[in-house]
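Novice: Below: sequence and its predicted model.
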Protein chains: 2
Amino acid sequence: MTNASTGQMTPATSGVLLVLAHPALERSRANRALAKAAKGLSGVTFKDLYEIYPDFVIDIESEQAALSAHDVVALQFPLYWYSTPALMKEWLDLVWLHGFAYGEGGEALKGKKLFVACTTGAGAKAYHAHGYNRFSMDEFLRPLEQTAHLCGMVWEAPFVVHGAAVKDDAALKAEAERYRARVASLLPAKTEA
Amino acid sequence: MTNASTGQMTPATSGVLLVLAHPALERSRANRALAKAAKGLSGVTFKDLYEIYPDFVIDIESEQAALSAHDVVALQFPLYWYSTPALMKEWLDLVWLHGFAYGEGGEALKGKKLFVACTTGAGAKAYHAHGYNRFSMDEFLRPLEQTAHLCGMVWEAPFVVHGAAVKDDAALKAEAERYRARVASLLPAKTEA
């Protein structure tokens, strides 16, 4: 963003930081389709954690800078054991630190939105007290919801694609469109210079 | 275990596999005290994941063999962002596979107990609808509870040490004793040869 009066770049504090973690993206039709649909939007910065950090060695400073520079943090991942894949957890553990994300002096994420988008193997009916996964997606996502809360972030309603692997191309295309629209709705309203 | 009639080693299918994940164990008085108290028990096999796999490169076959050889799986970790540290998640993601832990042909863990032991930074009152973490430990541990359920395991009541970092030596010693007794109670009753 350029400051109209000085012509200087001001810190970009807008847009969506879309952070994807899928250990085998080449085999995930669903996550590829979703990411492709959303990352093309103007105002979206895309990061594929397993591409950037295949050895789990995370550049904490660069990740903190990216978080600081956006108004919305979107986490996209396949649900693995009812939670994030390990590399997204490592990214949370190492980057969302005391003094940065929470605690004394830790206000870098305050007021930003946290948006979770995930795909599941099982159908929607499984995520229910009477389904075979016995709990709802909201219940499985409590750790992330409370992470947002502790950091002073706004928890957005999650976007979930159930039974991702068995969807046909048309159904996936529809989900991708729905995702693109949802991410677009999270972008701050454009202000004219 | 040696078979008395043949003198051959029979597959050891007893005891507790105690799997610890703490990224900075040298700085954790609580987790060191707990581990020390429990790992000395006869019938407990101890694994420190961050010591064995500092580079996150997990030997899946060896880990599956260890799981198969025990009746009880105990997971010990500090609660990080209301969940397991990343390496324990990677161990779950890579080792607890379809066809081994669940799904068709995946019965290796069936009937075993899953026992979670964790330490938290905040006091007990924080883990409550009206506390600042807003949810109970049971709610944060749903992903692990349902993981156990999907694998046909028995979910044991978790062992939790709240406010671990601020406990004095006497309090920690008492927690370690309580932990040792709890782990001992999970060991299968000894049968004489």
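Specialist: Thanks, I have it.
Novice: alpha carbons only for contacts and neighbour counts from here, please
Specialist: OK.
Novice: buried residues in stretch A:104-121?
Specialist: The neighbour-count check on stretch A:104-121 (16 or more other Cα atoms under 10 Å in any protein chain shown) flags A:106-120 as buried.
Novice: Export it to CSV, keeping only CA atoms.
Specialist: Below are the C-alpha coordinates for stretch A:104-121, written out as CSV (Å, rounded to 0.1, in the frame of the first residue of the first chain):
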residue,chain,number,x,y,z
GLU,A,104,2.8,-9.4,28.3
GLY,A,105,3.6,-7.4,25.2
GLY,A,106,2.0,-10.0,23.0
GLU,A,107,-0.6,-8.1,21.1
ALA,A,108,0.5,-8.7,17.5
LEU,A,109,-2.6,-10.6,16.6
LYS,A,110,-5.1,-8.7,18.6
GLY,A,111,-8.2,-7.7,16.7
LYS,A,112,-7.4,-9.9,13.6
LYS,A,113,-9.7,-12.6,12.4
LEU,A,114,-8.9,-16.3,12.6
PHE,A,115,-10.6,-18.4,10.0
VAL,A,116,-10.2,-22.1,9.8
ALA,A,117,-10.9,-24.1,6.6
CYS,A,118,-10.6,-27.8,6.7
THR,A,119,-11.4,-30.9,4.8
THR,A,120,-12.4,-34.2,6.4
GLY,A,121,-12.5,-37.8,5.2
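Novice: Mind checking which of the buried residues of stretch A:104-121 land in strands?
Specialist: Under the assignment DSSP state E, the buried residues of stretch A:104-121 contribute A:113-119 to strands.
Novice: So for stretch A:156-168, what gets flagged as buried?
Specialist: Under the neighbour-count rule (16+ other Cα under 10 Å), stretch A:156-168 has A:158-165 buried.
Novice: Can you tell me what sits against that stretch?
Specialist: A:28-30, A:113-124, A:172, A:175, A:179 (Cα atoms under 8 Å, 6 or more residues apart in numbering or on different chains).
Novice: Next: stretch A:58-78.
Specialist: The contact list for stretch A:58-78 (Cα under 8 Å, 6+ apart) reads A:11-22, A:31, A:84-85, A:91, A:94-96, A:108-109, A:111-120, A:186-188.
Novice: now the biggest helix by length in chain A: mean pLDDT?
Specialist: With secondary structure taken from DSSP state H, chain A has its longest helix at helix A:169-186. For helix A:169-186, mean pLDDT is 96.
Novice: Next, the buried residues of stretch A:119-129.
Specialist: Buried residues in stretch A:119-129 (16+ other Cα under 10 Å): A:119-120, A:122, A:124, A:126-127.
Novice: Among the residues you listed, which pair sits farthest apart?
Specialist: The span of those, defined through Cα to Cα, is set by A:119 and A:126 at 13.3 Å.
Novice: How about the residues of chain A by chain B?
Specialist: For chain A, the residues found near chain B under the criterion Cα under 8 Å from any Cα of the partner chain are A:55-56, A:80-83, A:85-87, A:89-90, A:92-93, A:133-135, A:139-140, A:142-144, A:146-147, A:150.
Novice: State the distance from residue A:186 to chain B.
Specialist: Taking Cα to the nearest Cα, to the nearest Å as the measure, residue A:186 falls 24 Å from chain B.
Novice: no, scratch that, I was asking about residue A:170
Specialist: Taking Cα to the nearest Cα, one finds residue A:170 at 28 Å from chain B.
Novice: Selecting buried members of the residues of chain A next to chain B in ChimeraX, what would you type?
Specialist: ChimeraX command restricting these to the buried ones, with burial defined by 16+ other Cα under 10 Å:
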select /A:56,80,81,82,83,85,86,87,89,90,92,133,134,135,139,140,142,143,144,146,147,150
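Novice: which other residues reach the longest helix of chain A?
Specialist: Surrounding helix A:169-186, the residues in contact under the criterion Cα under 8 Å, 6+ apart are A:16, A:30, A:33-34, A:37-38, A:41, A:72, A:159, A:161, A:164.
Novice: And the pLDDT at residue A:96?
Specialist: For residue A:96, pLDDT reads 98.
Novice: Same check on the one 4 residues further on?
Specialist: Among the per-residue scores, residue A:100 shows a pLDDT of 98.
Novice: isn't it right next to residue A:107, touching?
Specialist: Yes - between residue A:100 and residue A:107 there is a contact under Cα atoms under 8 Å: 6.1 Å.
Novice: what stretches of chain A score poorly on pLDDT?
Specialist: For chain A, applying pLDDT under 70 flags the ranges A:1-13, A:190-193.
Novice: middle-most residue in it, spatially?
Specialist: Chain A has residue A:75 as the residue nearest its centroid, 1.5 Å off, counting by Cα atoms, centre = their mean.
Novice: which SSE is that one in?
Specialist: If you go by DSSP states H and E, residue A:75 is part of strand A:72-78.
Novice: and for the next helix or strand after that strand, what are the contacting residues?
Specialist: Using DSSP H and E, the next helix or strand after strand A:72-78 towards the C-terminus is helix A:86-95. The contact list for helix A:86-95 (Cα under 8 Å, 6+ apart) reads A:21, A:49-50, A:56, A:58, A:60-61, A:63-64, B:80-81, B:85-87, B:89-90, B:93.
Novice: Helix, strand, or coil at the closest residue to residue A:129 other than its chain neighbours?
Specialist: Excluding the flanking residues, the one nearest residue A:129 by Cα to Cα, 6 or more residues apart in numbering or on different chains is residue A:135, at 5.1 Å. Using DSSP: H, G, I helix; E, B strand; the rest coil, the structure places residue A:135 in coil.
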